[in-house]
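Student: Next one to model:
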Amino acid sequence: MFDVLVYLYETYYRPDACPDPEALVKKLSAVGFEEEEISKALGWLTDLAVTTNEFSDLFPQQAAFSFGTRIYVDCELDQLGTAAVGFIQFLESAKVINPIQREIVIERALAAGESPMSLDTLKVIVLMVLWSQGKEPDSLMFDELFIDEDDDPQPRLLH
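Tutor: Numbers count the residues shown, from 1 in each chain. I've put the predicted structure just below:
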């Protein structure tokens, strides 16, 4: 499913640039994706749109006035894992995502059903949340989202 999402991100600059669902399914099939993968990815994107609308409608001013700390319940910590939670906190502190986007990322990550969540999968989820909202991270954050841990054998220092 995430391979399809990455393909959509790389192929279409904005979600509204995607063809209608029938044409998109045909195009993805022609590229070589399996029907089950396509169906899961498009369902996940549909649910992302629903979640985004629900959170934006319920909490329209939370992004501007949220200064609290997000406390994760045990089931969230178990499914996401500490690395994913740390990365989400990093993105929020770097102002890449706001509190509403954070909640959307968490909801979509939990819906993915991967336990514990790999950082690569979480990075795709973050990119898809931003992409679906027509936002793009700055170039430094974009690089951070695409760093492959296997490519960099040396640990990175914070200073």
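Student: Residue 50: helix or strand, and which one exactly?
Tutor: helix 35-58 (DSSP states H and E).
Student: any idea how far residue 87 is from residue 94?
Tutor: From residue 94 across to residue 87, the span is 10 Å (CB to CB, to the nearest Å). For glycine as for every other residue, the C-beta is placed from the backbone atoms N, C-alpha and C.
Student: which stretches of this structure form helices?
Tutor: 2-11, 21-31, 35-58, 62-65, 74-80, 82-93, 99-112, 119-132, 139-146 (DSSP state H).
Student: With respect to the ones you listed, which exhibits the lowest mean confidence?
Tutor: Lowest mean pLDDT within those: helix 62-65, at a mean of 56.
Student: State the distance from the closest residue to residue 134 other than its chain neighbours to residue 68.
Tutor: Distances taken as CB to CB, 6 or more residues apart in numbering put residue 14 closest to residue 134, at 5.7 Å, once the chain neighbours are dropped. Going from residue 14 to residue 68 by CB to CB gives 32 Å.
Student: So which of those two has more stuff around it?
Tutor: residue 14 (11 against 8; other CB atoms under 10 Å).
Student: that older thread, in JSON lines, list the helices of the chain along with mean neighbour count.
Tutor: Converted to JSON lines, these look like this (neighbours: other CB atoms under 10 Å):
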{"stretch": "helix 2-11", "mean neighbour count": "16"}
{"stretch": "helix 21-31", "mean neighbour count": "13"}
{"stretch": "helix 35-58", "mean neighbour count": "15"}
{"stretch": "helix 62-65", "mean neighbour count": "12"}
{"stretch": "helix 74-80", "mean neighbour count": "14"}
{"stretch": "helix 82-93", "mean neighbour count": "17"}
{"stretch": "helix 99-112", "mean neighbour count": "20"}
{"stretch": "helix 119-132", "mean neighbour count": "21"}
{"stretch": "helix 139-146", "mean neighbour count": "13"}
